[in-house]
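[1] Predicted coordinates and the sequence they were generated for:
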Amino acid sequence: MTSFSRDNDSSASTPEAETKPEVTNPKNLAPVDPNESRAEREDIKAAILETKLRRWALIGFIVAAIVYFIWQGLA
């Protein structure tokens with residue numbers, strides 16, 4: 001049976017792995033004012049707007065496909 005070791009992993013020693021930022025590193029997060037509510041934060045507002053826009057785009061795409069197939073069925 002062969003055992004694998006993390007020491008033999010060549011990707012861990014590359015300079016790219018050392019310079020890549022960690023996602024969970026608190027230093028990489030935007031500064032947040034503790035007195036500001038979530039509803040007033042600009043990043044939260046932007047995320048909510050993006051989510052609504054994506055949702056409406058998906059609904060529009062689905063409706064357009066349904067209308068197209070109904071139109072083709074009637075023609």
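    All right, it came through fine. Numbering: from 1, shown residues only.

[2] Low-confidence ranges, the chain, go.
    Low-confidence segments of the chain, defined by pLDDT under 70, span residues 1-30.

[3] where along it do the helices fall?
    Ranges of helices in the chain, per DSSP state H, are 15-19, 42-74.

[4] I'd like those helices as a markdown table, with distance to P34 and mean neighbour count appended.
    Quick note: C-beta positions are derived from backbone N, CA and C, even for glycine. Formatted as a markdown table, the helices of the chain follow (distance: least, Cβ to Cβ, whole Å; neighbours: other Cβ atoms under 10 Å):
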| stretch | distance to P34 | mean neighbour count |
| --- | --- | --- |
| helix 15-19 | 31 | 8 |
| helix 42-74 | 14 | 10 |
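
[5] Can you add distance to P31 and give these back as JSON lines?
    Formatted as JSON lines, these follow (distance: least, Cβ to Cβ, whole Å):
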{"stretch": "helix 15-19", "distance to P31": "23"}
{"stretch": "helix 42-74", "distance to P31": "11"}
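
[6] Name the stretch from those that approaches N35 most closely.
    helix 42-74 (14.7 Å; Cβ to Cβ).

[7] tell me what the closest one is packed against?
    Using 3 or more Cβ pairs under 8 Å, 6 or more residues apart in numbering; DSSP states H and E as the contact test, no helix or strand touches helix 42-74.

[8] re earlier: which one, of the helices of the chain, ends up nearest to V32?
    Of all the helices of the chain, it is helix 42-74 that lies closest to V32, at 8.5 Å by Cβ to Cβ.
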